[in-house]
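1. below are the sequence and a predicted model for it; my questions follow.
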Amino acid sequence: MSRWKEAAHLIRPALVFLALSVVFLLVRRAVVPASFGQFGHYRGAVLEEVRKLPIRFAGQQACADCHPEVVTARAKGHHRGVACETCHGPLNKHAQDPSALKPEKPVVTVLCRSCHEKDSAKPAFLKQVVTAEHAGDAACQSCHNAHTPKL
Amino acid sequence: MDVTRRELLTDAGKALLLLLASAESASPADEGYDATKHWWGMTIDIEKCIGCGACARACEQENDVPEGFFRTWIERYEVDPLNPEHPTVTSPNGGKDGWPPAPDSNLKSFFVPKLCNHCTDSPCVQVCPVGATFDSPDGVVLVDDDYCLGCRYCIQACPYGCRFIHPKKQTVGKCTLCYHRITQGLTTACCEACPTSARTLADFKNPKDPVHQFLHENKVQVLKPQMATRSKVYYRALDGAVR
Amino acid sequence: MMAIHPGVEGFMYPNEIELQWSILIVLYPYVTGLVAGAFILASLERVFNVSAVKPTYRLALLTALAFLLVAPLPLQLHLGHPERSLEMYLTPHRSSAMAMFGFVYLWYLLVVLLVEIWLDYRAEIVERAQSSRGLLRWIYKALTLGSTNISPASRRIDDRVGYIVTIIGIPSAFLLHGYVGFIFGSVKANAWWSTPLMPIVFLFSAMVSGIAAVMMLYMLVSWLQKRAIEMMCLDTIAKYLFYVFLVDFSLEMLDLIHRIYEADESFRTLDFMVQSRLYLSHVVVQILLGTCLPLLLLAATQVFSLGAAVRRRLYVASGLLTLIGIFAMRWNVVIGGQLFSKSYLGYTTYKLEFATREGLLPSVLLMLLPLAILWVLIKLLPPFEEQHAA
């Protein structure tokens, strides 16, 4: 018998591999997302998807557009560099449709302390107090106006 | 309600057309935003950080960050100059609720906000087996939620501990530099909320961006420079004790 | 101290308190290690003509196959989205060792192991396709892949091709487990993992565990099938186990000594971790009970003349200790590498649960599954000579 006939059975596993490879390539063509590889080794469409995520904080400019009088009032005070939403929370919904969401007043006791409670790690330029000794139980806003905090 | 064959076919045809129309076609130049014109990063001034936690809270609210995990957080350091290799560091709930009062200390102490460094040579992108995390054309390291397997290799590879597995989505979450905001002309939520402007978004490709002056005039450092990840978050006044 | 998180000592970055890779990821290198080791033992006879171990040749191949089939399962169980795991083959990221490993696994399974087993068993498969009945007949018929030529000439060709496949198989087996070592060793962020020695250490400990596994299975299967154990074979396997173990031990000691000597930034943290959280699993289980003791027992069989029964008992004891010790090594690498903070300022604890997706129960079941598969394979493709027609 010829050598090749004796080795013919080796074709069979080879054919199995070939079939598997073909199936693999077909599956690949069908399943891999179309935009994959567009800008790099990732699904190009995801950039657009991430860009479309919802915005919660409107940004200082949006507040200033409707409330210029507050901006003016704060302009000379120590809090002029603090964005409105830092204390008032995310307000993009309100900026888009003011009547849809009325902003709530921030919880003063916790909020003021987070910045102004004395901590040796805080830089010296920041006014700090030990609130327990500073005003006892009194609420911060009973003496201070948050927009123009200096007494 | 009886549906005629004609109605069924027209509805199917419409659905097919809609499907084809909504097929993926993204370009970085969509809607006026050209990714090739931006190269994003951040600057952080340690001497301005007051450890208020507003940035971490704002990030949580902007990005629906799950409880117990952090896209950004603040660390409080106390350094004994005689033993700088062993600072005392705390970060209770990532600093979101601030710290308990600590009026007296003669140790050097300060706050360090941390986030994803959006490294140019990020080891996390290098190890992702499928291309679910990647570097965007404008230098932001992002995660594709629909592609991530949740294998966690990138979390292991990140030297800075900025990645986590989202407990519900079972995919990797991390700081996106508020990509959805910065591509629309807004700043990141953390920079927006910071009351002292300790954190500032930087666009290295913008010649007018204050980052150029910042880098020129100040002594700056990145975290773990020995990792050679080419981090794009630059710290001013970063103490050697910072890990 | 962080009182908020029980089990945390010192400072951890907030996101790294909970471990990312669990016991399932300990299982995975353990199982692939057994595969590589079993195959190397099989190749000893085929390529290096160590004829003494011939009785275990087929058993070693079947063992490798049983474990290789189970290897992806702990990974699938661990993934957040196992339904997306095909992405590793469809869009592999070439810079990722994990992605490239998927192809090494596939290559090894299809081109090396299955082909070699098929070529070696082909004659028996064809015979059984003709002689058996019912479902078994269909199974054997399928396994013949449609060819019934088992003439002596074709079998000589099978032998020749099988030899070449084994030759390709040896570096493939090295690659299989070396790659797993590289998956850990290439992570610069992790001081416990990052070392060029990692692939080598993994490979040698794989060989140790694989050889020990085949040695134990040979004794077990012989005992179950009530056949005599060929002591020449067993002694030779034990001898190779001993020598490979010596190399493995030296490599691990080299890594340890190197770390102690250089004492870089991470050293104090790692040293403390080994002496506290990792003491039991590293010093006691891996080093003392899992390496030193079996080495002593094996050395005793090499140095002293002991009776066959005594030698068998020593082999069982050292084999068992070895298998436990190599498991501990995997545990210490995977879990140990996550117990310390990347800030080098703190430590956390691993909470191993029982009946959860990544708990102890599925792990135990996953380790028993290859034995079940092996049992089926042994019934289907008997590994020992006397059961075939001459």
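-> Looks like it arrived, so ask away. Numbers count the residues shown, from 1 in each chain, chains lettered A, B, ... in the order given.
2. would you list every one of the helices in chain A?
-> A:3-7, A:11-31, A:45-51, A:60-66, A:68-74, A:84-88, A:92-96, A:108-116, A:131-134 (DSSP state H).
3. least reliable of those helices by average pLDDT, please.
-> Lowest mean pLDDT within the helices of chain A: helix A:3-7, a mean of 78.
4. tell me the buried residues in that one?
-> Buried residues in helix A:3-7, counted by 16 or more other CB atoms under 10 Å in any protein chain shown: A:Glu6, A:Ala7. Every residue, glycine included, has its C-beta placed from N, CA and C.
5. try stretch C:377-386
-> C:Leu377, C:Ile378, C:Leu380, C:Leu381, C:Pro382, C:Pro383, C:Phe384.
6. what about A:Gly77, how many residues nearby?
-> For A:Gly77, the tally of surrounding residues (other CB atoms under 10 Å in any protein chain shown) stands at 15.
7. how much space between the closest residue to it other than its chain neighbours and A:Glu104?
-> Nearest residue to A:Gly77, sequence neighbours excluded (CB to CB, 6 or more residues apart in numbering or on different chains): A:Thr148, at 3.9 Å. Counting by CB to CB, to the nearest Å, the separation of A:Thr148 from A:Glu104 is 21 Å.
8. so for the two, which residue has more residues nearby?
-> Neighbour comparison, A:Thr148 and A:Glu104: the larger count goes to A:Thr148, with 15 against 8 (by other CB under 10 Å).
9. give me the pLDDT for that one.
-> For A:Thr148, the model assigns a pLDDT of 91.
10. can you give me the domain assignment for chain A?
-> What the record gives for chain A is the domain set A:3-51, A:60-142, from automatic domain parsing.
11. got a markdown table for those, with distance to C:Arg46 too?
-> Shown next, in a markdown table, are the domains of chain A (distance: least, CB to CB, whole Å):
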| stretch | distance to C:Arg46 |
| --- | --- |
| domain A:3-51 | 18 |
| domain A:60-142 | 67 |
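12. so which of these is nearest C:Ser222?
-> For C:Ser222, the closest of these is domain A:3-51, at 31.3 Å, according to CB to CB.
13. does chain B sit close to that closest one?
-> Yes - with CB under 8 Å from any CB of the partner chain as the measure, domain A:3-51 is seen reaching chain B through A:33-36, A:38-51.
14. what's the closest non-adjacent residue to the residue of the stretch 151-300 of chain C found nearest chain B?
-> Going by CB to the nearest CB, chain B is nearest to C:Ala189 of the stretch 151-300 of chain C, at 3.8 Å. Distances taken as CB to CB, 6+ apart put B:Pro159 closest to C:Ala189, at 3.8 Å, once the chain neighbours are dropped.
15. in chain C, which residue sits closest to chain B?
-> Counting by CB to the nearest CB, chain C gets nearest chain B through C:Gly80, at 1.8 Å.
16. secondary structure class for that residue?
-> Classification of C:Gly80 by DSSP: H, G, I helix; E, B strand; the rest coil places it in coil.
17. now do the same contact list for the residue nearest to it when sequence neighbours are not counted.
-> With CB to CB, 6+ apart as the criterion, C:Gly80 has its nearest non-adjacent residue at 1.8 Å, and that residue is B:Gly150. Each residue near B:Gly150 by CB atoms under 8 Å, 6 or more residues apart in numbering or on different chains is listed here: B:Ile165, B:Gln170, B:Thr171, B:Val172, C:Leu79, C:Gly80, C:His81.
18. so which helix or strand takes in C:Ala191?
-> Under the criterion DSSP states H and E, no helix or strand holds C:Ala191.
19. look up how far A:Phe24 lies from it.
-> According to CB to CB, C:Ala191 stands 39 Å off from A:Phe24.
20. in TSV, list the helices of chain A along with distance to C:Leu320.
-> Shown next, in TSV, are those (distance: least, CB to CB, whole Å):
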stretch	distance to C:Leu320
helix A:3-7	45
helix A:11-31	38
helix A:45-51	50
helix A:60-66	69
helix A:68-74	75
helix A:84-88	63
helix A:92-96	64
helix A:108-116	59
helix A:131-134	64
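21. now name the helix or strand holding B:Phe134.
-> Using DSSP H and E, B:Phe134 falls in strand B:133-135.
22. now tell me what touches the helix or strand following that strand from outside.
-> Where DSSP H and E defines the elements, the next helix or strand beyond strand B:133-135 is strand B:141-143. Outside of strand B:141-143, the residues that reach it under the criterion CB under 8 Å, 6+ apart are A:46-47, A:50, B:116, B:118-119, B:122, B:124-125, B:132-136, B:171-174, B:176, B:179.
23. filter the residues you listed to keep only those in contact with chain C.
-> B:Ala132, B:Thr171.
24. mind checking which helix or strand C:Pro382 is in?
-> Using DSSP H and E, C:Pro382 falls outside every helix and strand.
25. just give me the neighbour total for C:His5.
-> C:His5 has 17 nearby residues by other CB under 10 Å.
26. err, B:Ser136, not the other one
-> When neighbours are counted by other CB under 10 Å, B:Ser136 registers 23.
27. bridged to the closest residue to it other than its chain neighbours, which residues?
-> Setting aside the residues directly before and after it, B:Ser136 is nearest to B:Leu142 in space (CB to CB, 6+ apart), at 5.6 Å. The partner list for B:Leu142 in beta bridges (DSSP bridges) reads B:Phe134.
28. with chain A as the reference, measure out to the residue nearest the centre of chain B.
-> Nearest to the centroid of the C-alpha atoms of chain B, with distances taken as CA atoms, centre = their mean, sits B:Cys175, at 2.6 Å. Relative to chain A, B:Cys175 is positioned 12 Å away (CB to the nearest CB, to the nearest Å).
29. repeat that for B:Pro101.
-> 5 Å.
30. quick one, phi psi at that residue?
-> With angles defined as degrees, to the nearest 10, B:Pro101 sits at phi -60, psi 140.
31. neighbours of it, just the number please.
-> So B:Pro101, with other CB under 10 Å, has 17 neighbours.
32. look up how far B:Ser109 lies from the closest residue to it other than its chain neighbours.
-> Using CB to CB, 6+ apart and skipping residues adjacent in sequence, the residue nearest B:Pro101 is A:Glu117, 5.2 Å away. Distance from A:Glu117 to B:Ser109, counting by CB to CB: 14 Å.
33. now A:Leu25
-> Taking CB to CB, one finds A:Leu25 at 61 Å from B:Ser109.
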